[in-house]
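Chemist: with the sequence up front, the predicted model follows.
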Amino acid sequence: MNNFVIVDDDSTSVLICKFIIQKFNPQAKVSTFTEPEIALDKIGKGFGDFTEDIQAILFLDINMPSMTGWEFLEVFNNFNHKIKEKFIIYVLSSSVEDFEKKAKKYPFVSGFLSKPLRLNYLEEINILKP
């Protein structure tokens, strides 16, 4: 997979994620957002063309000031299923509080990864095979 979206208010975490992804897959296209509201707007508009077979991995932080990752998932859940099926979402956070319980509400969330993103995470979930 060559398309990635990072939603995290911490610019250092965003840089680390982008570096790790591009180190593992130099052809990767990485879109980054430090404001979750803008990410949701772009996802809703940018993935509205259902004729393209684009899929992306989305790494989502939970603790953000303007909108939490859980609030992000609530809005994302309201998107058309054709948009939702284009994303494989992993929560990437330093906070593990109630993850299992809350994540069950969102079947489109594939898992939880502890910050920072590491090469072995990408190997384990086997997402970067070009």
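Modeler: That came in fine, so what should we check first?
Chemist: Leu113: which element?
Modeler: Assigned by DSSP states H and E, Leu113 falls within strand 109-114.
Chemist: list the buried residues of that strand.
Modeler: For strand 109-114, a neighbour-count test (16 or more other Cβ atoms under 10 Å) marks Val109, Ser110, Leu113 as buried. (Each C-beta comes from the backbone N, C-alpha and C, glycine too.)
Chemist: just put the residues you listed in JSON lines and tack on pLDDT and distance to His81.
Modeler: Below are the buried residues of strand 109-114 laid out as JSON lines (pLDDT from 0 to 100; distance: Cβ to Cβ, whole Å):
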{"residue": "Val109", "pLDDT": "89", "distance to His81": "15"}
{"residue": "Ser110", "pLDDT": "88", "distance to His81": "16"}
{"residue": "Leu113", "pLDDT": "85", "distance to His81": "25"}
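Chemist: between the residues you listed, which sits nearest Ala39?
Modeler: Taking Cβ to Cβ as the measure, Ala39 lies nearest Val109 of the buried residues of strand 109-114, at 15.3 Å.
Chemist: now the closest one, which residues is it bridged with?
Modeler: Val109 forms beta bridges with Ile89, as assigned by DSSP bridges.
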